[in-house]
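Chemist: One predicted model, sequence on top.
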Amino acid sequence: MADPLTYPVQLVQPDGRRVHDREHAALVSDVGPERLRQLYEDMVVARRIDVEATALQRQGQLGLWPPLLGQEAAQIGSAHALHPDDYVFCSYREAGVAYCRGVDPGEITRLWRGVAHHCWDPAEINMTNPAIVVGAQGLHATGYAYAAHLDGAEIAVLTYFGDGATSQGDVAEALGFAASWSAPVVFFCTNNQWAISEPVRVQSATPIARRAYGYGIPGVQVDGNDVLAVLALTRQAVARARTGGGPSFIEAITYRMGPHTTADDPSRYRSAAETELWQRRDPIDRIRRLLEREGLWDSAFEKRVGARSDEVGARLRAATIEMPDPDPAQLFEHVYRTAHPLIEEERQEYAEYLAGDHISEGVRP
Ligand SMILES: Cc1ncc(C[n+]2csc(CCOP(=O)(O)OP(=O)(O)O)c2C)c(N)n1
Ligand SMILES: [Mg+2]
């Protein structure tokens, strides 16, 4: 058998032609016209969520936003492989996955506006909230997966993390534990080539997926801008987890076309030529070309996609602007389960500070 890591698995070429790869194409042989169109629609909506949220940040309505531009195929392809009872432990960048899990678009920006510690209710969509501590969610996912395994639940747990996160101890510990205990977890590494200003070549001297083998976990590289290939390989890993086969590792090779977050300026550390190269590999263009080649594109479909993304964008924007400011005293809630003297003292002090004359009306919360 060929070394699965000598090239990333691809099912659709950049010009929209299918790749003849019998082994992997079989994993998506049931994906017919409607499912293909749905994948395209969800990718367009994910991009719209990103464009809208980025604009809201630039307009002062959000404190921060971590763009997903360019990563739509990696997110939508993998999310489509999951069942509602599977569980997702994400990083901060997976708004497209949250959309596919059924989140109300009006909840996506809540944390980023700074009005709550969370965006959505994790129990409603079986997906955790954005996690800022890089790689920590790998451990959470492994623990959850192992517990599910002990309970006899036939589910898969999927955790998203970046190329940079693979340098974190948390990810290394999660891989070791998951392999030893056959935890039903899929490690989905979105290799978007950058960890803020650090290029991937300084994260790993070997393809990232190859590291999984050192833990006894099967690893594979996939063209992360090919939504069908991502769907195929994630389905395979999810099926393995759900049927007691233990953990898997997927490295989705893609590109972060925007800044790391809205607080970052990528022109300080990477060339415009590099970004332009990847813009030519746009994941949405690729699936659109496939639909066109296969006669699945028409103006009615285009209208349908436009209407859905307008609807989601408008809901996200209106809900963000209408989010009420929280009572600042809420900051002290949920630190401890029961009252704590030090927290009470701090709450009192802060209340006095807020009531003080030294705060001008302009900045009073
Ligand atoms: C433990 C920890 N260390 C450092 C940071 C600061 N930080 C935030 S994102 C990031 C880079 C992560 O890169 P990668 O894992 O490739 O994910 P990407 O942002 O590219 O999606 C760093 C270093 C952090 N949030 N948590
Ligand atoms: Mg990265």
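Modeler: Sure, I can see it. Numbering: from 1, shown residues only. Ligands and ions are numbered 1, 2, ... in the order given.

Chemist: Could you check which residue of the protein lies nearest ligand 2?
Modeler: Gly162 (3.5 Å; CB to the ion). Where you see a C-beta, it was placed from the backbone N, CA and C, and this is true even at glycine.

Chemist: That residue contacts Phe187, doesn't it?
Modeler: No. In this structure, Gly162 is not within contact of Phe187 by CB atoms under 8 Å, at 11.7 Å.

Chemist: what sits against Ile196?
Modeler: Going by CB atoms under 8 Å, 6 or more residues apart in numbering, Ile196 touches Gly164, His260, Asp264.

Chemist: Please tell me which one of those residues counts the most neighbours.
Modeler: Gly164 (23 neighbours; other CB atoms under 10 Å).

Chemist: For Gly219, see how far away that one is.
Modeler: Going from Gly164 to Gly219 by CB to CB, to the nearest Å gives 17 Å.

Chemist: How about the residues of the stretch 101-250 of the chain by ligand 2?
Modeler: For the stretch 101-250 of the chain, the contact set with ligand 2 under CB under 5 Å from the ion comprises Gly162, Asp163, Gly164, Asn192, Ala195.

Chemist: how close does the second one sit to Ile253?
Modeler: Between Asp163 and Ile253 the computed distance is 9 Å (CB to CB).

Chemist: where do the contact lists of these two overlap?
Modeler: Asn191.

Chemist: Including pLDDT, could the contacts of Ile196 go into JSON lines?
Modeler: What follows is the contacts of Ile196, written out as JSON lines (pLDDT from 0 to 100):
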{"residue": "Gly164", "pLDDT": "98"}
{"residue": "His260", "pLDDT": "98"}
{"residue": "Asp264", "pLDDT": "98"}
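
Chemist: In space, what's closest to the residue of the stretch 101-250 of the chain found nearest ligand 1 - neighbours in sequence excluded?
Modeler: In the stretch 101-250 of the chain, the residue found nearest to ligand 1 is Gly162; the distance is 2.2 Å by CB to the nearest ligand atom. Of all residues beyond its chain neighbours, the one nearest Gly162 is Thr190 (5.6 Å), with distances taken as CB to CB, 6 or more residues apart in numbering.

Chemist: One more: Gly16?
Modeler: Closest to Gly16 by CB to CB, 6+ apart is Arg289, at 2.7 Å.

Chemist: which SSE is that neighbour in?
Modeler: Arg289 is located in helix 283-293, with elements delineated by DSSP states H and E.

Chemist: buried set for that helix?
Modeler: For helix 283-293, a neighbour-count test (16 or more other CB atoms under 10 Å) marks Pro283, Ile284, Arg286, Ile287, Arg288, Arg289, Leu290, Leu291 as buried.

Chemist: you'd agree the fifth one is up against Trp297?
Modeler: Looking back up the chat, that one is Arg288. Yes. Using CB under 8 Å, Arg288 makes contact with Trp297 at a distance of 7.1 Å.

Chemist: How about the residues of this protein by ligand 1?
Modeler: Neighbours of ligand 1 within the chain, by CB under 6 Å from any ligand atom: 91, 93, 132-134, 161-165, 192, 194-196, 256, 260.

Chemist: Can you mark which positions in the strand or helix carrying Val312 are buried?
Modeler: If you go by DSSP H and E, Val312 is part of helix 299-322. For helix 299-322, burial by neighbour count (16+ other CB under 10 Å) applies to Val305, Ser309, Val312, Gly313, Arg315, Leu316, Arg317, Ala319, Thr320.

Chemist: With stretch 265-281 instead?
Modeler: Neighbour counts using 16+ other CB under 10 Å place Pro266, Thr275, Trp278, Arg281 of stretch 265-281 among the buried residues.

Chemist: Just the terminal-to-terminal distance for that stretch.
Modeler: End-to-end distance of stretch 265-281 (CA to CA, to the nearest Å): 22 Å.

Chemist: and it, how far out from the chain's middle?
Modeler: 21 Å (CA atoms, centre = their mean, to the nearest Å).

Chemist: How about stretch 298-313?
Modeler: How far stretch 298-313 lies from its chain's middle: 23 Å, per CA atoms, centre = their mean.

Chemist: Output that stretch as PDB, restricted to C-alpha atoms.
Modeler: Extracted C-alpha coordinates of stretch 298-313, given in PDB (Å, rounded to 0.1, in the frame of the first residue of the first chain):
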ATOM      1  CA  ASP A 298     -28.300  27.200 -12.400                       C
ATOM      2  CA  SER A 299     -29.600  30.600 -11.500                       C
ATOM      3  CA  ALA A 300     -32.400  29.200  -9.200                       C
ATOM      4  CA  PHE A 301     -29.700  27.500  -7.100                       C
ATOM      5  CA  GLU A 302     -27.600  30.600  -7.100                       C
ATOM      6  CA  LYS A 303     -30.600  32.600  -5.800                       C
ATOM      7  CA  ARG A 304     -31.300  30.000  -3.100                       C
ATOM      8  CA  VAL A 305     -27.700  30.300  -1.800                       C
ATOM      9  CA  GLY A 306     -27.800  34.100  -2.000                       C
ATOM     10  CA  ALA A 307     -31.000  34.200  -0.100                       C
ATOM     11  CA  ARG A 308     -29.800  31.900   2.700                       C
ATOM     12  CA  SER A 309     -26.600  33.800   3.200                       C
ATOM     13  CA  ASP A 310     -28.400  37.100   3.300                       C
ATOM     14  CA  GLU A 311     -30.700  35.700   5.900                       C
ATOM     15  CA  VAL A 312     -27.900  34.400   8.100                       C
ATOM     16  CA  GLY A 313     -25.900  37.500   7.700                       C
END
